[in-house]
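Peer 1: Sequence unavailable; structure follows:
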């Protein structure tokens, strides 16, 4: 047993040492960070975030991992660099003052340099060596090394020197990032990738339908496994984050816990008495069927349990949603104030699908909600396949974290959308809201199209949006189908009348019985009285007889005294 | 940009003033020895009595490299007269050194 256990341990010992970037997501994609003590090339077109990514690597190293760094800038002066990254919340100036980071601006201006014969770049090496020693650097960034090609004419010397530089960096055992401009048909304009073969990232800032999406791809990572996809990444006030949102497979746990829909009648329709925790729920319906209201009830139920809920609104502002929900008697504002409910409102056109997904990923990671609402998913624009793929990943993301997903989908009046059919297989529970048109009126009906893992009602139930919230009304099934609205009310009146009639019948029967009972009791009383009077008579005649006997005896004794004088 | 001088072009009179030159090297390499020898020869030919050469070995004074924006070695920096000029290489291309030091005018277009 101990022998077998030692084999993987030995294997693990040989694996590549890595330097964590501290950039959320990037360390996951690279399974631990950049190759420690080796150079990494980051290439990409202008404005795709090379410098910011490299700076974040240095700042995180200094702040999070106690690895000081050197920034060798060929493009920006120290002051410019400090100002530029301040927008990401990095105080580079303070780190420089604390000797955690050294910035060396290497100015290469062709017009100021006269080349006269052989030279080498030992000056650069000396400067880097000095800077590395001054802060005890473990990390080095060269941004952008290619500026050398613009400033110096002798590319033969340059190439030899760059080759020497990378060997030198490796020998120094510093983890280095070298940035380079993307070239046409090649990773870099001057073929720097020839020299850095350990690890290469490609950054990309693609515009499609006037929406830009930043993406990162690990082109190469020698000696290590890595994610091979293109991953979207964000640069904003919270710094740089790479978002490895992929289909996570189907390994999520299934919970047996049932959570309330927030509407008692709807709970009854679902066999389990609500939704299973961590499942995905789709509510689809045409305009004005109350999808958001259903969502609001669900949110209220989530928050009432003291759990957090994240609301991604794609069409309405948070203030508008809160106001509208007040009209059905639900005030979500206190939930927002108490921090249980968070709104993330953004127009779908604000950024590409991937960026929306990326932003959602970050919000979900950060807020760790028990439930998430997407309202409505039909607002997400893009190729059907793209939308589907994005939703698939959103649902995987939520499911892998045990978050209950509540999605609404606006249907066109004609009926089922293509997107809807595609969504069906992703959903565990699908509630359909329909407009029932009959007798010149529209009424709202809800039915459970599917609900995995539970027995559920097959009825279409009518519901009403009242000032006390969504109320499910008992449905009536008539000869021509479900009765709603005034037809239902008429049926209710018929029912009510028959109830009254039955009540009257009962009352009459009760009265009859009571009358009979009274008659009987009267008879009984009469008989008893008769009996009593008979008894009285018998007793009286007996008493009379006894008195007569007594008197007769007394007379007899008196007579005997008179005849004989003395009694014998 | 800097055309090689044509032989026909007449030498302009030397600009006056004092030359303060700094030669940055990294150790006693063949390149740095050549550069210093070339520089001395040029100065003796064109700047007799009006120049001062300071040789800085960056291996001994690495902190000085950043101040004068030294990237390549050897680098000759003309600190005086203004403006500051940088000439890199072993100074074997005499013509270009003279242009770099403003000892010869740049060819007129």
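Peer 2: Nice, I can see it. Please read these numbers as outputs of a predicted model, since none were measured by experiment.

Peer 1: going forward, measure contacts between C-alpha atoms and count neighbours the same way
Peer 2: Noted.

Peer 1: Correct me if wrong: residue A:254 contacts residue A:278.
Peer 2: Yes. Residue A:254 is in contact with residue A:278 according to Cα atoms under 8 Å; the separation is 7.3 Å.

Peer 1: So which of the two has more stuff around it?
Peer 2: Higher neighbour count among residue A:254 and residue A:278: residue A:278, with 28 against 13, using other Cα atoms under 10 Å in any protein chain shown.

Peer 1: got the contact list for the nearest residue to that one once chain neighbours are set aside?
Peer 2: Distance criterion Cα to Cα, 6 or more residues apart in numbering or on different chains; nearest residue to residue A:278, sequence neighbours excluded, is residue A:404 at 4.0 Å. Shown in contact with residue A:404 (Cα atoms under 8 Å, 6 or more residues apart in numbering or on different chains): A:277-281, A:370-372, A:398.

Peer 1: In JSON lines: those residues, plus secondary structure and pLDDT.
Peer 2: Listed next are these as JSON lines, based on DSSP: H, G, I helix; E, B strand; the rest coil; pLDDT from 0 to 100:
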{"residue": "A:277", "secondary structure": "coil", "pLDDT": "89"}
{"residue": "A:278", "secondary structure": "coil", "pLDDT": "88"}
{"residue": "A:279", "secondary structure": "coil", "pLDDT": "89"}
{"residue": "A:280", "secondary structure": "strand", "pLDDT": "89"}
{"residue": "A:281", "secondary structure": "strand", "pLDDT": "91"}
{"residue": "A:370", "secondary structure": "coil", "pLDDT": "92"}
{"residue": "A:371", "secondary structure": "strand", "pLDDT": "92"}
{"residue": "A:372", "secondary structure": "strand", "pLDDT": "93"}
{"residue": "A:398", "secondary structure": "helix", "pLDDT": "86"}
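
Peer 1: Return the closest of these with respect to chain B.
Peer 2: Distance to chain B across those (Cα to the nearest Cα) is lowest for residue A:398, with 52.2 Å.

Peer 1: Out of the contacts of residue A:404, which two sit at the greatest distance?
Peer 2: Pairwise distances across the contacts of residue A:404 (Cα to Cα) peak at 13.8 Å, for the pair A:281 and A:370.

Peer 1: Centre of the chain to stretch A:108-123, how far?
Peer 2: 58 Å (Cα atoms, centre = their mean, to the nearest Å).

Peer 1: quick one: contacts for the residue nearest in space to the middle of chain A?
Peer 2: In chain A, the centroid-proximal residue (Cα atoms, centre = their mean) is residue A:372; its distance is 2.8 Å. Neighbouring residues of residue A:372 by Cα under 8 Å, 6+ apart: A:309-312, A:398, A:403-406.

Peer 1: want to throw these into JSON lines with secondary structure?
Peer 2: As requested, the contacts of residue A:372 are exported to JSON lines (DSSP: H, G, I helix; E, B strand; the rest coil):
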{"residue": "A:309", "secondary structure": "strand"}
{"residue": "A:310", "secondary structure": "strand"}
{"residue": "A:311", "secondary structure": "strand"}
{"residue": "A:312", "secondary structure": "strand"}
{"residue": "A:398", "secondary structure": "helix"}
{"residue": "A:403", "secondary structure": "coil"}
{"residue": "A:404", "secondary structure": "strand"}
{"residue": "A:405", "secondary structure": "strand"}
{"residue": "A:406", "secondary structure": "strand"}
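
Peer 1: Kindly indicate the member of those with the most neighbours.
Peer 2: Neighbour max across those (other Cα under 10 Å) = residue A:309, 30 neighbours.

Peer 1: what residues does chain A put near chain B?
Peer 2: Contact residues (Cα under 8 Å from any Cα of the partner chain) of chain A with chain B: A:104, A:106-107, A:112-124, A:126-127, A:130.

Peer 1: among those, which are in helices?
Peer 2: A:122-124, A:126-127, A:130 (DSSP state H).

Peer 1: Pass me the low-pLDDT residue ranges in chain B, would you?
Peer 2: B:1-16, B:104-109 (pLDDT under 70).

Peer 1: Kindly recompute the last result at 80.
Peer 2: In the prediction, chain B carries residues with pLDDT under 80 at positions B:1-17, B:82, B:102-109.

Peer 1: Check it for its longest helix and report it.
Peer 2: helix B:30-46.

Peer 1: ok, is that helix in contact with chain A or not?
Peer 2: Yes. Helix B:30-46 lies within reach of chain A by Cα under 8 Å from any Cα, at residue B:31.

Peer 1: can you list contacts of that helix?
Peer 2: Contacts of helix B:30-46 (Cα under 8 Å, 6+ apart): A:118-119, B:14, B:23, B:25-26, B:51, B:73-74, B:89-92, B:94, B:103.

Peer 1: Who is residue A:282 paired with across the strands?
Peer 2: residue A:407, residue A:430 (DSSP bridges).

Peer 1: how far away is residue B:90 from chain A?
Peer 2: As defined by Cα to the nearest Cα, to the nearest Å, residue B:90 lies at a distance of 5 Å from chain A.

Peer 1: And for that residue, the neighbour number?
Peer 2: 28.

Peer 1: ditto for residue A:334
Peer 2: 11.

Peer 1: Surely it is within a helix?
Peer 2: Yes. If the criterion is three-state DSSP, then residue A:334 is within a helix.

Peer 1: mind checking how far it is from chain B?
Peer 2: Residue A:334 is 59 Å from chain B, by Cα to the nearest Cα.

Peer 1: now do residue A:351
Peer 2: With Cα to the nearest Cα as the criterion, residue A:351 and chain B are 43 Å apart.

Peer 1: do the same with residue A:509
Peer 2: In terms of Cα to the nearest Cα, residue A:509 sits 113 Å off from chain B.

Peer 1: just to revisit the earlier point, can you select the buried ones among the residues of chain A next to chain B for me in ChimeraX?
Peer 2: Listed next is the ChimeraX selection for buried residues among the residues of chain A next to chain B, using 16 or more other Cα atoms under 10 Å in any protein chain shown:
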select /A:104,106,107,113,114,115,116,117,118,119,120,121,122,123,124,126,127,130
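
Peer 1: so the residue sitting nearest the centre point of chain B is in which element?
Peer 2: Centroid-nearest residue in chain B: residue B:76, 4.4 Å away (criterion: Cα atoms, centre = their mean). Secondary structure from DSSP states H and E places residue B:76 in strand B:75-80.

Peer 1: And residue A:434, by the same measure?
Peer 2: strand A:429-438.

Peer 1: List the contacts of that strand.
Peer 2: Contacts for strand A:429-438 (Cα under 8 Å, 6+ apart): A:275, A:279-286, A:289-291, A:424, A:442-452, A:484.
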